[in-house]
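S.K.: Take this sequence and fold it.
(one chain, ligands or ions: 1)
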Amino acid sequence: MSSYCPVVISKPTIQQVSLELRDLLAKLSKEAIAQRGKFTVAFSGGSLPTTVAAELTKATDVDFSAWYVYFADERCCPHDHPDSNYLLVKDEFLSKVDVPASQVFAINPELVGDPERAAADYAAKVKETVPVDNQGMPLFDCLLLGIGPDGHTCSLFPDRPQVKVSDKIVTHILDSPKPPPPRITLTLPVLNHARHVAFVVTGAGKAEMLESILVKRDQSRPSALVSPEHGMLFWILDDAAAQRLPADLLAKSSAVSHL
Ligand SMILES: O=C1O[C@H](COP(=O)(O)O)[C@@H](O)[C@H](O)[C@H]1O
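M.R.: Predicted structure coming up:
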């Protein structure tokens, strides 16, 4: 196993987690826009968009016009369905900032009845718009990931074949153990080629799983397999989620000071 060196940050409140994310995303986007003219970022669903957006949407020093927004995973449902990650990110984030609609890459709503085609279509969109390395692997500037109580991330669930997919950048699942069952998801090789990955985890309900991932390094948990080869890995937590982690695992300075 290659070395695993995440920067793990714990903050007393969810609001302070949001502030940490605002500062990190402001700096990452500024650097990416200066170097490559745009900032490519993928959002997860669940609790993450609310935590990320709470302070970021108030930032006055972020050039959202150069942001390109993607979805780390998506449920196969129409854009206006309550299960849609796109709808969640739109309500919490996109409706409050000036990311051009042409730079928001959602699942094709006409393909949600055919998850395999929806995944292939989404992969093509990513390949067209995200810079790739010399092996054709997308290099996202930042992936914002959550974890489920079973250690899943994106729609990569424990003991499911999607975790092992290495020949696609987006795959599909028809029987997700967490509803709704049909979904599409970025694959592990894409997660591990990103320039920066930030897991955002809050609440005491995730504390035991965080201990399994970060201390016991339980490799049966898909989120434990995320370790970008050439990028940086952050875990940004609140103290409730971090309560079972040893103090020496926690960084003493802010995420931006590690860039
Ligand atoms: O189903 C999903 O769950 C995870 C975790 O969600 P949370 O509500 O426990 O934070 C999320 O990261 C993923 O994108 C989503 O589709």
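
S.K.: wait, what's in contact with residue 246?
M.R.: residue 215 (CB atoms under 8 Å, 6 or more residues apart in numbering). No exception for glycine: its C-beta is placed from N, CA and C like everyone else's.

S.K.: Need the pLDDT of it.
M.R.: Turning to residue 246, the model gives it a pLDDT of 98.

S.K.: distance of it from the ligand?
M.R.: Shown here: residue 246 relative to the ligand, a distance of 24 Å by CB to the nearest ligand atom, to the nearest Å.

S.K.: same question, residue 165
M.R.: Between residue 165 and the ligand the distance, using CB to the nearest ligand atom, works out to 17 Å.

S.K.: where does that residue fall, phi/psi-wise?
M.R.: phi -70, psi 120 (degrees, to the nearest 10).

S.K.: Next, the contact list for it, please.
M.R.: 171, 187, 188.

S.K.: Top of the residues you listed by number of neighbours, please.
M.R.: Counting neighbours by other CB atoms under 10 Å, residue 171 comes out on top of the contacts of residue 165 with 28 neighbours.

S.K.: any chance of the contacts of residue 165 in CSV, plus pLDDT and secondary structure?
M.R.: Output for those, formatted as CSV (pLDDT from 0 to 100; DSSP: H, G, I helix; E, B strand; the rest coil):
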residue, pLDDT, secondary structure
171, 98, strand
187, 98, coil
188, 98, helix
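
S.K.: The residue in the chain that the ligand sits nearest to: how many residues sit nearby?
M.R.: Nearest to the ligand in the chain, going by CB to the nearest ligand atom, is residue 46, at a distance of 2.2 Å. Counted with other CB under 10 Å, the neighbours of residue 46 add up to 16.

S.K.: cool, residue 257 as well?
M.R.: Residues lying near residue 257 (other CB under 10 Å) number 10.

S.K.: Assumed it was part of a strand.
M.R.: No: when DSSP: H, G, I helix; E, B strand; the rest coil is applied, residue 257 is found to be helix, with no strand at that position.

S.K.: Return the residues in contact with the residue nearest to residue 219 when sequence neighbours are not counted.
M.R.: Nearest-residue entry for residue 219: residue 225, 6.6 Å, with adjacent residues in sequence omitted and distances by CB to CB, 6 or more residues apart in numbering. By CB under 8 Å, 6+ apart, the contact list for residue 225 reads 163, 188, 192, 219.
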